[in-house]
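Q: need coordinates for the below:
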Amino acid sequence: MSDVQNVTGGQSQDLVLQPLWDYLHQNHHDLLRSPLFPVVLSVTTYFVLVGLYTVLDLLAPSWPFINRYRLHPDKPVTWPNIWMTLGVTIYNHLFFIFPAAVAQWLWRPPTPLPPEAPTLWSFFLGILGCMFVFDFQYYLWHLLHHRVPWLYRTFHAVHHQYNQPFSLVTQYLSGWELFSVGFWATIDPILLQCHCLTTWGFMVFNVYVSTEDHCGYDFPWAMHNLVPFGLWGGAPKHDVHHQRPGTNFAPFFAHWDWLGGTHIAPAQSSHAAKWEPDEMNEKKE
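A: Numbers count the residues shown, from 1 in each chain. Here you go, the predicted structure:
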């Protein structure tokens, strides 16, 4: 009896994502097979999320129930901030992402679409696995680009021009940093042999978390408030990193910063991580 239940339960697990996959397979087959699709998916997700956060940034000064969740409610995001970061973002997309997308379109074969969807278990396990691998890769990259002065000045310093990040700072990056992040997000699902649906799920989640880390808000539904025991990074911890650049390097989890002695928790206050002026102006490493 238990064997029958286990088999039946396993079949139910296998069928959860199959209707969605069948629909996508039958109605968007050519789009999904295109090597351009992952790029379009990531870029679209990014600009939708950034657009939503930017609307909140513009409304926050006059809408107290939004402003109360900002990490720095007394320092509004201004139009010059928006135009500067948006200009660099568009420049990077035109001169780095677009050529890379064209190269993929020309030289990469169409994505094979298997008839079977991933099981619900393999879908979430695959995303979690990609997160752990990416977290380790970026922690090392990030630490190295802070500890080696030439790497910091040449590639990473541009991202630290803002001590209080907001959503558009997410991709306020040098071309090298943007390439590195995009490369790992692309290659990790391949290394872990993920189903293409799992790969796209990880890409969307990765963009969401990156944007949330830089959004400048401490919403109750944010990932760091949902994951227990302080295991997740989140916007408050990354905000601390922009104020104290020798801390909180990991993009997702907190364990590498704990092990490396680079973890600092944000100060406890009403939705804001506040530091003394001498700490905020601490010399960048």
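Q: from now on I want contacts and neighbour counts done on CA atoms only, so please keep to that.
A: Noted.
Q: ok, and for the longest helix seen in the chain, which residues are buried?
A: As assigned by DSSP state H, the longest helix anywhere in the chain is helix 120-147. Judged by neighbour count using 16 or more other Cα atoms under 10 Å, the buried positions of helix 120-147 are 120, 122-123, 126-127, 129-131, 133-139, 141-143, 145-146.
Q: repeat for stretch 85-97
A: Buried, per 16+ other Cα under 10 Å, within stretch 85-97: 85, 86, 88, 89, 92, 93, 97.
Q: could I get the average pLDDT for that stretch?
A: Taken as a whole, stretch 85-97 has a mean pLDDT of 94.
Q: list the contacts for residue 198?
A: Neighbouring residues of residue 198 by Cα atoms under 8 Å, 6 or more residues apart in numbering: 118, 123, 124, 126, 127, 189.
Q: now the angle between helix 120-147 and the helix or strand where it lies, please.
A: Using DSSP states H and E, residue 198 sits in helix 196-214. Going by axes from the mean of the first three to the mean of the last three Cα atoms, to 10 degrees, helix 196-214 is angled at 40 degrees with respect to helix 120-147.
Q: send me helix 196-214 as CSV with only the CA atoms.
A: Output in CSV follows, covering the C-alpha atoms of helix 196-214 (Å, rounded to 0.1, in the frame of the first residue of the first chain):
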residue,chain,number,x,y,z
CYS,A,196,15.4,24.9,-19.6
LEU,A,197,12.3,25.8,-17.6
THR,A,198,14.4,25.6,-14.4
THR,A,199,17.1,27.7,-16.1
TRP,A,200,14.6,30.5,-17.0
GLY,A,201,13.2,30.3,-13.5
PHE,A,202,16.6,30.9,-12.0
MET,A,203,17.3,33.8,-14.3
VAL,A,204,14.1,35.5,-13.3
PHE,A,205,14.7,34.9,-9.6
ASN,A,206,18.3,36.1,-9.9
VAL,A,207,17.2,39.4,-11.5
TYR,A,208,14.5,39.8,-8.8
VAL,A,209,16.9,39.2,-5.9
SER,A,210,19.6,41.5,-7.4
THR,A,211,17.0,44.3,-7.8
GLU,A,212,15.5,43.7,-4.4
ASP,A,213,19.0,43.9,-2.8
HIS,A,214,19.5,47.3,-4.3
